[in-house]
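1. Sequence first, predicted coordinates after that:
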Amino acid sequence: MSSSITPTTSLRKYDVFLSFRGPDTRRNFISFLYKELVQRNIRTFKDDKELESGQRISPELDRAIEESKFAVVVVSANYAASTWCLEELVKIMDVENKGSLTVIPVFHGVDPCHVRRQIGQVAVQLEKHEMREDREKVLSWRQALTNLASISGVCTLKWEDDSMMVDEIAKRISTVIDTTRKPTRTGSNLVGIDAHMKALSRLVDLNSSKKNVRVVGIWARGGNGRSALAKFVYQNICQHFESHCFLENVKRTSQDRHMSHLRQEVLKRVQVESNQKVLLVANEVNKLEHFDALAEDFSCFGPGSIVIITTQDKQLLVSAGIKLVYEVELLRFRKVRELFRQLGFRVRERAIESVLYKSEGCCSVQLIDGDGIYNVSGIDHFIKEVKLGECGLSYAVVSIMGPQSSGKSTLLNSLFGTNFMEMDAFKGRSQTTKGIWLARCAGIEPCTLVMDLEGTDGRERGEDDTAFEKQSALFALAISDIVLINMWCHDIGREQAANKPLLKTVFQVMMRLFSPRKTTMLFVIRDKTRTPLENLEPVLREDIQKIWDSVPKPEAHKETPMSDFFNVEVVALSSYEEKEEQFKEQVASLRQRFMHSIAPGGLAGDRRGVIPASGFAFSADQIWRVIKENKDLDLPAHKVMVATVRCEEIANEKFSHFISNEDWRKLDEEVQAGPVSNFGKRLTSILGSCLSEYDGEATFFDEGVRSSKRHQLQEKLLQLVNPAFQDVLGHIRFGMLEKFKASFDKALEIGEGFSSASSAWFKSCMAQFDEECAGAIVEQADWDTAKVRDKLVRDIEVHISSIRTSKLSELTSQYESKLHGALSEPVEALLEGANDETWRTVKKLHRRETESAVSGFSSALACFDIEEEIRDKMVKSLQEYSRGVIESKAKEEAGRVLMRMKERFGTIFSHDSDSMPRVWTGKEDIRAITKAARSASLKLLSVMVVIRLGDETDNIEKTLSVALLDPTTSKKSITASDPLASSTWDEIPSSRTLITPVQCKSIWRQFKTETEYTEANKRGSNWLPPPWAILALILLGFNEFMTLLRNPLYLGLLFVGFLLLKALWTQLDIPGEFRNGVVPGLISISAKFVPTVMNLLKNLAAEGEAPPTANPENRRPSNNTSSHASSSENPTEHKSGSKTD
């Protein structure tokens, strides 16, 4: 698009552009917001198309964004997951950065902090994009999200009701839209515009019922307001059309180009759809071909469309057949300038403005118009144009007062090189300067501003309307360093001269200033006569003093001399019309006095209350407001107020600049990614630069206010960067913790002592942590890293504690395993060969191995730097474990005591004293051998009865011998004198008892029963065959006996029968039953036979159904073990099973 077609803030197709993620908010929040905006007559663009992933934004969307005043960006949970939304956001933020779009963020169910810092779900979504998209593109998306979240917006998390939030957003936009749709001035305030608009409204006729396209021409000679008028009309009626376009300079657009280019430009700007109502303004059409190219599109315009053509060629309008033509009346130069200034053209009018306002280095603006309206936009533009903000305190303000038509403007233009409008003497005397005009002097240093005040006693305001005169005089005194009083020479000494009311006004308003600064009042005597100045000056000073004395004063200043308020200077100038050359020489001489006027001894007065240049516009505006409200003006308080506002503005500006600062954004991104070196130095530099810029711009304002606002700015900046600082500390803490873990574990692996390794690496890591924290410290902040340091210390201590616990557990297990190996097998061997020295030997072994283990264990514990109490407790635990190994092994052997007794009995019974197998000849004393074998077995039992690891003695062996081997005890009553009829041993604690007395008796009974067969077998053994063999030979005969031997089946049946008979023999205890006689024995056997047989069969059936034993070692070939086990577990069974007693 050509640069000549430049849209302004008022030339927009849409008021609001909605950016949102369709699936998230289209059917709820967006639909409500769109409906509310439309109801408020706000033109809203809402795209209802769903773009597929990977597609680019259409040109229509780009144009819609560029041609909107507002962009409402609704960031929902999945907004960042859409590449389309992110591309759209990049475009929106790009237009916003150019200043042509206002962005309103709405965070719908999303925390703005998450968007700005890109954490949580936003981070996950962007990481997915990084795997699929170009890195630079994703970086631009991240930047756009950060910029968006930095703008003050609306968050649904803070609103209870979405409808209220929608209403608030719509109301906010509507307020601005309604303001911008209205003209910047009412018709009565725009110079000469009311008459033009009234005439044009009849031609335009917005309410016309005709359905054709209405074409209106605006014609004027030269450049007298034609374009300004067309633009004003466009701004006031464009909202009544569905589409509108302002072609700012058709002549320049079509230069050296084909006419089709102009048509394409119109199509781009208007975006005509079928039957749309269109407003098209074509400015500066100078060829008929231009009109023909535009007319080709008129057929596409809907009913009620209007086309306005402006030109300086009236014949062109006639040739084009345009009948509705408005001829613009020639405007005066000043009116054209003011009209352009009020409409604020951006391109062509800016060039015109430079001609109207600038002249050889001078720039002027109407500060206050004749109606007392302060020109805010004009003064802002003026200050930027003259770069006043850069002057600090090095500037001066000069104002001039005087009667109307006294040549004030002429004097200022000659003295300061300004371009104020001068009166045209040929047209008669009339008001030339209306209101207050401001200009910068050309070629005078320091920067000097000159105010041209409206003349006093003018007939235009009337005799009684002196309000503006007093207000402007007070305004000039409040902001000026030097006030020029322009007066005629012939008025000096006259009582009713024109200068008397002026001076009285000045002195009266001076009383309304609290603590005013001393002002230089320079009286300029115009059209000096032959009377010497030395004679005129005393008279003038006398008149001035009389006026001062006559002015009513407040009580505090009744005796105050005029010199406390004013430095009075007098200068005289010749007539400009009669002695022009002499006048110019005198003016040049006077001009030199304004050079360096603010230096000590210069023309300017008291400079103590001067406002810094950057606050001049605001200060002047506030002073005028107070004066207009007829309030007394407190200049010291005003100075503080100006400093407060300006310093706050500067602080906010610097804060905004800091948020968008590339160095800060880059640093913040690096912090999010991981550890950052020199964080403190870099951030200190960035913050220092921002604060230095604030100091530079605010240096001339009130020190107290400046310092306060600087502190507030610093606090805001530190609050903004604090999360990044905390993240840096978190990275440092995590890195140091990981380093300690790795280094500490490695040191332990190579054999370094636990205590020394932990202490050394703890000190090393903490020293490095302190060093890195020092590198992260921001000089402007007093942030303390103690909390993070304490957390790191706790984390390291927890890790050390866990490793210590693990290592101590391993060490304990190692020494316990060592003790178990050193004690278990030797103790088992000693207990198997139990004798009088067994427990003495076990004690020596226990003491030796325990002391050795404790010694090594204590030495190992010394490396862990643990408390003495804990160390003693662990050593004691190891000692107890050592004793426990022996006790456990003793209990295990006690469980096998019956088997060990039978083994010892068998060994002694079947071997002689030389341990050789005994040869039985039949002459051996079986009873003596049996007794010796039983005594040895009883010895083993006595050893296994209790644990003897201490020095205590007992008489258990004697007790067992008396109770079990003495034949006389069997005949005694159990309850009367049996020493084994007890569950405890005398003076032996239960903790040391392995086998109780009752269990000993039961074991002995079973042992005795099972060893009687061996004794009987050996007692009856000789060379003859067994009795059953002899009986079988007798009964069966030799042949049958041999057949029986040859047939295994018969032999098996006989063997089974033998076993059954043997079992019955044993169960019925036949020998025992016949001890008391044959008859009692037969009676007893007959009573027990059937139950015994049934019980035997049940036992056999139960044995057949029982599962096989998993451990083969437990299935020994002898029944002695099981018998002993059962006797040990339940001694009463042995007691009930025996009939000995």
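-> Yep, that arrived. Computed from a predicted structure; not experimentally measured.
2. which other residues reach the helix or strand containing H657?
-> Using DSSP states H and E, H657 sits within helix 635-659. Outside of helix 635-659, the residues within contact range by CB atoms under 8 Å, 6 or more residues apart in numbering are 150, 478, 513-517, 609, 611-612, 614-615, 618-619, 622-623, 626, 664, 686-687, 690-691, 693-694, 697-698, 701-702, 704-706, 708-710, 712-713, 716-717, 720. Where C-beta positions appear, they are placed from N, C-alpha and C, glycine not excepted.
3. repeat that with 7 Å
-> Residues from elsewhere that reach helix 635-659 (CB atoms under 7 Å, 6 or more residues apart in numbering): 150, 478, 513-517, 609, 611, 614-615, 618-619, 622-623, 664, 690, 693-694, 697-698, 701-702, 705-706, 709, 712-713, 716-717.
4. After that helix, which helix or strand is next?
-> helix 662-673.
5. distance of L1053 from N1047?
-> 10 Å (CB to CB, to the nearest Å).
6. For the closest residue to R43 other than its chain neighbours, grab phi and psi.
-> Computed as CB to CB, 6 or more residues apart in numbering, the closest residue to R43 that is not its neighbour in sequence is D15, at 4.6 Å. Dihedral pair for D15: phi -90, psi -40, per degrees, to the nearest 10.
7. Can you name the residues in contact with the helix or strand in which E534 is found?
-> Here E534, judged by DSSP H and E, is contained in helix 533-550. Contact partners of helix 533-550, identified using CB under 7 Å, 6+ apart, comprise I492, G493, K500, L503, K504, F507, F523, I525, M562, V568, V570, A572.
8. For these, I'd like a selection string for PyMOL - just the buried members, please.
-> Of the contacts of helix 533-550, the buried ones go into a single PyMOL selection, burial set by 16 or more other CB atoms under 10 Å:
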select buried, resi 492+500+503+507+523+525+562+568+570+572
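9. Just the closest of the contacts of helix 533-550 to Y374, please.
-> For the contacts of helix 533-550, the residue nearest Y374 by CB to CB is F507; the value is 25.2 Å.
10. who's in contact with that closest one?
-> Shown in contact with F507 (CB under 7 Å, 6+ apart): I547, W548, V551.
11. my read: E957 touches S942, true?
-> Yes - counting by CB atoms under 7 Å, S942 is a contact partner of E957 at 3.9 Å.
12. out of the two, which sits in the busier spot?
-> S942 (22 against 15; other CB atoms under 10 Å).
13. element containing the more buried one, please.
-> Per DSSP H and E, S942 falls inside helix 926-944.
14. Show me the chain divided up by domain.
-> 14-180, 193-342, 394-609, 641-721, 811-895, 898-968+977-1017, 1037-1074 (the TED database).
15. For A774, find the nearest of those.
-> Comparing those against A774 with CB to CB, the closest turns out to be domain 641-721 (7.6 Å).
16. avg pLDDT for the closest one?
-> The average of the pLDDT scores along domain 641-721 is 87.
17. do the same with stretch 551-562
-> 76.
18. Tell me the buried residues in that stretch?
-> For stretch 551-562, burial by neighbour count (16+ other CB under 10 Å) applies to V551, M562.
19. mind listing the strands for the stretch 951-1100 of the chain?
-> With strands called from DSSP state E, counting those that start in this stretch, the stretch 951-1100 of the chain shows none.
20. looking at it, H240 is touching L206, isn't it?
-> Yes - H240 lies in contact with L206 (CB under 7 Å); the separation is 6.0 Å.
21. What's the separation between the closest residue to C155 other than its chain neighbours and W84?
-> The shortest distance from C155 to any non-neighbouring residue, by CB to CB, 6+ apart, is to F107 (4.3 Å). F107 is 19 Å from W84, where distance means CB to CB.
22. I'd like the average pLDDT over the host helix or strand of I309.
-> Using DSSP H and E, I309 maps to strand 306-311. On average, the pLDDT along strand 306-311 is 89.
23. And for stretch 27-47?
-> In the prediction, stretch 27-47 has an average pLDDT of 82.
24. Any chance you could list what contacts that stretch?
-> 14-18, 20, 61, 64, 68, 74, 108, 162-163, 166-167, 169-170, 173-174, 177.
25. Over to stretch 687-703?
-> Looking at what lies outside stretch 687-703 - CB under 7 Å, 6+ apart - the contacts are 392-393, 612, 614-615, 639-640, 643, 646-647, 650-651, 654, 657-658, 706, 710, 713-714, 717, 778, 780.
26. So which of the contacts of stretch 27-47 sit within helices?
-> Among the contacts of stretch 27-47, the ones falling in helices (DSSP state H) are L61, A64, D162, S163, V166, D167, I169, A170, I173, S174, I177.
27. pLDDT score for the third one?
-> Looking at D162, its pLDDT is 79.
28. S19 versus that one, what's the distance?
-> 18 Å.
29. out of those two, which sits in the more crowded spot?
-> Neighbours per residue, other CB under 10 Å: of D162 and S19, the larger number sits with S19, 26 against 14.
30. Chain neighbours aside, what residue packs nearest to A320?
-> F291 (4.7 Å).
31. right, and the one you found touches I322 too?
-> No - at 8.2 Å, F291 and I322 do not qualify as touching, with contact defined as CB under 7 Å.
32. Between the two, which contacts overlap?
-> Shared contacts of F291 and I322 (CB under 7 Å, 6+ apart): I309.
33. Looking at these two, which has the bigger crowd around it?
-> The neighbour comparison of F291 against I322 (other CB under 10 Å) goes to F291, with 22 against 17.
34. which stretches of the stretch 401-550 of the chain have low pLDDT?
-> Confidence mapping of the stretch 401-550 of the chain against pLDDT under 70 gives the ranges 423-431, 457-466, 493-500, 502, 505-506, 508-517.
35. For it, which segments are assigned as strands?
-> 436-440, 447-453, 482-488, 513-514, 519-526.
36. so which of those comes closest to L729?
-> For the strands of the stretch 401-550 of the chain, proximity to L729 was assessed by CB to CB; strand 447-453 is nearest, at 49.2 Å.
37. What angle do strand 482-488 and that closest one make with each other?
-> Counting by axes from the mean of the first three to the mean of the last three CA atoms, to 10 degrees, strand 447-453 lies at 40 degrees to strand 482-488.
38. angle of strand 447-453 against strand 436-440?
-> Using the same axes, to 10 degrees, strand 447-453 lies at 160 degrees relative to strand 436-440.
39. The residue nearest to R43 contacts K69, correct?
-> Yes - the pair D15 and K69 qualifies as a contact (CB under 7 Å) at a distance of 5.3 Å.
40. Mutual contacts of those two, please.
-> Contacts common to D15 and K69, judged by CB under 7 Å, 6+ apart, are I177.
41. Skipping its backbone neighbours, what lies nearest D795 in space?
-> That would be L737: by CB to CB, 6+ apart, it lies 5.1 Å from D795.
42. after the helix or strand that contains that neighbour comes which helix or strand?
-> Counting by DSSP H and E, the element that carries L737 is helix 703-749. Using DSSP H and E, the helix or strand that follows helix 703-749 towards the C-terminus is helix 754-776.
43. Packing partners of that next one?
-> helix 679-698, helix 703-749, helix 786-832 (3 or more CB pairs under 7 Å, 6 or more residues apart in numbering; DSSP states H and E).
44. now the second one and helix 662-673, what's the angle there?
-> With the same axes, to 10 degrees as the criterion, the two stretches helix 703-749 and helix 662-673 enclose an angle of 30 degrees.
45. Helix 703-749: how far from the chain's middle?
-> The chain centre lies 14 Å from the centre of helix 703-749; the measure is CA atoms, centre = their mean, to the nearest Å.
46. Compute the inter-axis angle for that helix and helix 754-776.
-> Helix 703-749 runs at 150 degrees relative to helix 754-776, counting by the same axes, to 10 degrees.
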